[in-house]
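Enquirer: Next comes the sequence, and after it the predicted model I'd like to discuss.
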Number of protein chains: 2
Amino acid sequence: MLKLAILGFLYDRPLHGYELRRHLAALTGHIRPISDGSLYPAIKRLEADGLLVRETEPGSAAAPRHTLHLTGAGRTALLDRLREPEPLDISDGNRWTTVVSFLRHLDDPAAQAAVLRRRLAFLSEPASFFYEGDRPRTAEEFTDPFRRGLLLTARATTEAELGWLRATLAELELLTG
Amino acid sequence: MLKLAILGFLYDRPLHGYELRRHLAALTGHIRPISDGSLYPAIKRLEADGLLVRETEPGSAAAPRHTLHLTGAGRTALLDRLREPEPLDISDGNRWTTVVSFLRHLDDPAAQAAVLRRRLAFLSEPASFFYEGDRPRTAEEFTDPFRRGLLLTARATTEAELGWLRATLAELELLTG
DNA sequence: ACACGATACCTCGACACCGAGGTATACCGG
DNA sequence: CCGGTATACCTCGGTGTCGAGGTATCGTGT
């Protein structure tokens, strides 16, 4: 979701819409480009909710730039969202990527670890894309190279992420004692 | 997108809405659950577009079941979509998963290979989530364990998928000669 | 002097999707 | 025979997103 990413980028420093657009394009653009028609209404929503304010810089640039600053409420909203992500933020890879990108803002190793553990739990559940009744069908059951490859690739990517999660959790636990 | 998945499942055999719901839940449910409020309107859209027909089976079950059958136009629509997926079907992992799940329906090794090559090309582009100007920033540049891990995990998952793509393309090329 | 592309912002209609709610039947256990 | 659960379908309001279009200024090249 755009909201999370916008808050995340603005937490570092104020940006105007165009800069924000470039940051967002870098973060998720190659996967799923965001259009102006999504970005500007999203900014307006955040402004209406009091999470950010615009400050118009007159002169310098082509059109009058609106520099966007997070308010206190905006900073709190980001931290709350990072501390307790929605279920979809954990399970959907695209959204999870966004959460991880800004997780360092959550300046508390224990809270960060709690979020990583939720992802760990999600990835540890036995899951397949295809079932026979209730039983998940494994890659080896498919002769179809596509479904077979899908499951094998999914398994490999899950293992890679689990490895990182376990290592990072161990690091974080050293910090909390 | 729902449309692709619905067409894909119905290509195998007619199903009624409730069975379709279970198949969809298995395919993408753990990542992103689909609600009735998405499914039934989607079925209606496909029916309105002439891609499927309902046949009401009276009696047997609780509520009158509407068994859904793909029409000729529906079968063509699926094959067209699989033969030439939209850019987002290639780049967005969730949608790509759906494409791969049904790629075997495209009963032509050359066309299947062409689709896999598009994904191969996409994954081969140098990409990062974070940039310094135009230069992609690598995992090693981050001390932040989260962004670092994000990039390292992405690299590992990309390599895993590339390996599968190259192997499968080689197999498919043997079939076409 | 002028065209053009990059910068910068915005609106609008269309549409997919979600969540919450509603309806109704069949079947099983107590 | 009564209640709960599973089956099966549907509607509706709200929201987020997209794509196409519009406006205006600045800098660069010619």
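Expert: Yes, it's here.
Enquirer: Name the residues of the single longest helix found in chain A that come out as buried.
Expert: Using DSSP state H, we find that the single longest helix of chain A is helix A:145-176. Of the residues in helix A:145-176, those buried by neighbour count under the rule 16 or more other Cβ atoms under 10 Å in any protein chain shown are A:145-154, A:156-158, A:160-161, A:164-165, A:168-169, A:172. From N, CA and C alone the C-beta is placed, and that goes for glycine too.
Enquirer: quick one: is that helix near chain B?
Expert: Yes. Looking at helix A:145-176 against chain B by Cβ under 8 Å from any Cβ of the partner chain, the contacts come from A:145-147, A:149-150, A:152-153, A:156-157, A:160-161, A:164, A:168, A:171.
Enquirer: Let me know the pLDDT of the residue nearest the centre of chain A.
Expert: What sits nearest the mean C-alpha location of chain A, by Cα atoms, centre = their mean, is residue A:98, with 1.6 Å. According to the model's per-residue confidence, residue A:98 sits at a pLDDT of 94.
Enquirer: Can you name the next helix or strand after the helix or strand hosting it?
Expert: Under the criterion DSSP states H and E, the helix or strand holding residue A:98 is helix A:93-102. Once helix A:93-102 ends, the next helix or strand along the chain (criterion: DSSP H and E) is helix A:109-124.
Enquirer: Between helix A:145-176 and that next one, find me the angle.
Expert: Compare the direction of helix A:109-124 with that of helix A:145-176 by axes from the mean of the first three to the mean of the last three Cα atoms, to 10 degrees and you get 160 degrees.
Enquirer: who's in contact with the helix or strand that helix A:109-124 is followed by?
Expert: Beyond helix A:109-124 in the direction of the C-terminus, DSSP H and E gives the next helix or strand as strand A:131-132. The set of residues external to strand A:131-132 that reach it, using Cβ atoms under 8 Å, 6 or more residues apart in numbering or on different chains, is A:137, B:26.
Enquirer: returning to that earlier point: tell me if the helix holding residue A:98 is near chain B.
Expert: Yes. Under the criterion of Cβ under 8 Å from any Cβ, chain B is reached by helix A:93-102 at A:93-94, A:97, A:100-101.
Enquirer: of all the residues of helix A:145-176 next to chain B, which comes closest to residue A:106?
Expert: Looking at the residues of helix A:145-176 next to chain B and their distance to residue A:106, the nearest is residue A:168, at 13.5 Å (Cβ to Cβ).
Enquirer: Neighbouring strands of the helix or strand of chain A with the lowest mean pLDDT in the sheet, and parallel or not?
Expert: None of the helices or strands of chain A scores lower by mean pLDDT, DSSP states H and E than strand A:131-132, at a mean of 74. For strand A:131-132, the pairing partners within the sheet under DSSP bridges are strand A:135-136 (antiparallel).
Enquirer: Now do the strand it pairs with: distance to the chain's middle.
Expert: A distance of 30 Å separates the C-alpha centroid of strand A:135-136 from that of its chain, computed with Cα atoms, centre = their mean, to the nearest Å.
Enquirer: Next, count neighbours for the closest residue to DNA strand D within chain A.
Expert: Nearest residue of chain A to DNA strand D: residue A:37, at 2.0 Å (Cβ to the nearest atom of the strand). Using other Cβ atoms under 10 Å in any protein chain shown, residue A:37 is surrounded by 8 other residues.
Enquirer: next one: residue A:125
Expert: Residues contacting residue A:125 under the criterion other Cβ under 10 Å number 8.
Enquirer: tell me the phi and psi of it?
Expert: Geometry field for residue A:125 lists phi and psi as phi -60, psi 140, criterion degrees, to the nearest 10.
Enquirer: rewinding a little: how far away from the center of its chain is the longest helix of chain A?
Expert: Once both centres are worked out by Cα atoms, centre = their mean, helix A:145-176 turns out to sit 17 Å from its chain's centre.
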